[in-house]
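1. Output the structure for:
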Amino acid sequence: MKKFLLIITILVPFFAMAQDDSDLLDFSSIYYQGTAKSAAMGNAMGAVGSDFSAIAINPAGLGLFRKASFVYTPSFYAISNESNYQGSRNSDRAFRLQNNNIGLTWTQDINDGSLSTVSFAIGINNFQNYALNSYVSGNNANTSLIDAYATEILENGINSSSALENYSPNLIYPLWETYVIDSVGPGICTTFVPAGGLNQEYGLTKRGTSKEFTFASGFNFNEKFFMGVSVGIPYFERKMTKEYKESNLAHGELFRNWSQTENVTNSGWGINAKVGAIVYPARWVRLGASVSTPYLYKVEESWNTETHSAFSSGSYSYESPTGTYSYTVTTPFRFNASAALIFGNYGMITGDYEYVNYSKMRASSYDFNYNNLNNFIKDNYKATSNFRIGTEWRWQTLAFRAGYALYGSPFGFGKKEMQTTSYSCGFGYTYHNFTIDMAYVLSQRNNSYDLYSRFTTYPAYYLNSNNEQVVDETKVKETTNINQVVISLKFRLD
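-> Modelled structure (predicted):
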């Protein structure tokens, strides 16, 4: 039924459209996943230093190391997601074991003029955990996703099945192959799916992590001023599955149900640099600042769909070809300002402020124009602020810690959508050259979106009680809770 050469010619432009703003947000977001000490203190480590994960925020913290050390941090995640759609509440869960970081640091005494020591670090820090299971279900009395697809077909002037195959070979065309869409012609798009009276289900599964291989140097000037620089080689891998299904609530009709599963795999390597400083204006206070250049990623993506339909007269299936595509993503730069109040050897209170402008996210490719996506991001995403505070108090060989973090909405100051709050606590115990730290972190994120927007930018219309044509608001509200247990094993090597 398909002509191989035709498929090859249409894959490149279509798969270029597989990326959307949520993909770039995934690749640009950073929720620091460091050592247990850092996690317990809300990752407010910009002015603290002497901790491997602090290097990811402000590499000047490396200059505060005095001894060579090795650290390894495993962690456990339990992630629950609750949704509300059309008055129906549902939930799903995901679990994951991962390594937050592994790193080696060492220090060389210099004592040459004002330069006291130079420290070096090599290792891996985890930035993002993509583990998520989300499930949405509810009854829609007004429209079907097919109505939104019909709007898209008509507004783009698609008037034949061959034109539909060229336009959307992996999302909409399979619906024609499985008889969900019955015919396409000039100003016509017919379907057996009723406009409303449907149970709609949507499932999203994500797996993967974002990590950074770090190479850093820190400089100690007379124990009062510290500078640091790092070069990072970030890497991420994300596997995502979207499942959508509509079932007819009216039994005995010709149409029974249709479903489609999208499988997307992304991986990317990149480069990044950070520079920072920490200063002691007084013995009881530290001030820090750092700048992170944008991350530049080369992304490889593969994508395909599987579509099924069921009618009283029979069932049909269609699997789209798997395509691959490469493109480049540029993330926003980040600025961090930090302070720490030091109470001798007894404790500290720390705070970090981070500025990031998500409207600067960009996608590009040598053979596809991303202007529409980039302009959408510029218009809809904004600058935001992240705040982190933490504290630590020591008693003999024990340390007790607590923290709070607020990661602002990527849609601007004061917005709640995709805003993340975290509460944390933990402790540490040191015995000779060995330290064990533990932390517990509870994070919560709220999100809302239109269900159909996960598949098309076009609306679905229906006639209301006043016989007026209105857009169907398929609003989904979600709350995600993340429970994290972190353990760090640290060995002093000299």
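
2. quick one: the helices in the chain?
-> Here the chain has its helices, by DSSP state H, at 4-16, 21-28, 36-40, 145-155, 161-167, 173-177, 371-380.

3. Please produce CSV containing these, extended by distance to residue 405.
-> (C-beta placed from N, C-alpha, C; glycine too.) Shown next, in CSV, are the helices of the chain (distance: least, CB to CB, whole Å):
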stretch, distance to residue 405
helix 4-16, 36
helix 21-28, 18
helix 36-40, 10
helix 145-155, 37
helix 161-167, 44
helix 173-177, 43
helix 371-380, 24
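
4. List the residues that contact the residue lying closest to residue 224 once chain neighbours are set aside.
-> Nearest-residue entry for residue 224: residue 280, 4.8 Å, with adjacent residues in sequence omitted and distances by CB to CB, 6 or more residues apart in numbering. Under the criterion of CB atoms under 8 Å, 6 or more residues apart in numbering, the neighbours of residue 280 are 223, 224, 225, 286.

5. Most tightly packed of the helices of the chain?
-> When you average the neighbours per residue for each of these (mean count of other CB atoms under 10 Å), helix 36-40 leads with a mean of 31.

6. That helix - contacts with which helices or strands?
-> Under the contact definition 3 or more CB pairs under 8 Å, 6 or more residues apart in numbering; DSSP states H and E, helix 36-40 sits against strand 383-395, strand 398-407, strand 420-431, strand 434-450, strand 475-492.

7. In a markdown table: those strands, plus distance to residue 70, mean neighbour count and mean pLDDT.
-> Conversion of the helices and strands packed on helix 36-40 to a markdown table gives the following (distance: least, CB to CB, whole Å; neighbours: other CB atoms under 10 Å; pLDDT from 0 to 100):
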| stretch | distance to residue 70 | mean neighbour count | mean pLDDT |
| --- | --- | --- | --- |
| strand 383-395 | 21 | 19 | 97 |
| strand 398-407 | 19 | 19 | 97 |
| strand 420-431 | 15 | 18 | 97 |
| strand 434-450 | 11 | 18 | 95 |
| strand 475-492 | 5 | 18 | 96 |
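
8. that older thread, give me the buried entries from the contacts of residue 280.
-> Neighbour-count burial (16 or more other CB atoms under 10 Å) applied to the contacts of residue 280 gives residue 286.

9. need the strands for the stretch 51-200 of the chain, in chain order.
-> In chain order, the stretch 51-200 of the chain shows strands spanning 69-85, 88-112, 115-129, 132-140, 181-185, 188-191, 198-221, with DSSP state E, counting those that start in this stretch as the criterion.

10. Roughly how far does the nearest residue to residue 484 once chain neighbours are set aside sit from residue 462?
-> Of all residues not flanking residue 484 in the chain, residue 441 sits nearest, at 4.2 Å (CB to CB, 6+ apart). Distance from residue 441 to residue 462, counting by CB to CB, to the nearest Å: 44 Å.

11. What sits closest to residue 370 if chain neighbours are left out?
-> Taking CB to CB, 6+ apart, and ignoring the residues beside it in sequence, residue 370 has residue 363 as its nearest neighbour in space, at 4.5 Å.

12. wait, I meant residue 398
-> In space, not counting the residues next to it along the chain, residue 398 is nearest to residue 429; the distance is 5.8 Å by CB to CB, 6+ apart.

13. coming back round to it: which residues are in contact with the residue nearest to residue 484?
-> When contacts are counted by CB under 8 Å, 6+ apart, residue 441 is found next to 39, 40, 422, 423, 424, 482, 483, 484, 486.

14. Retrieve the pLDDT associated with residue 281.
-> Here, the pLDDT recorded for residue 281 equals 93.

15. Make sure it is actually in contact with residue 288.
-> No - judged on CB atoms under 8 Å, residue 281 makes no contact with residue 288 at a distance of 11.5 Å.
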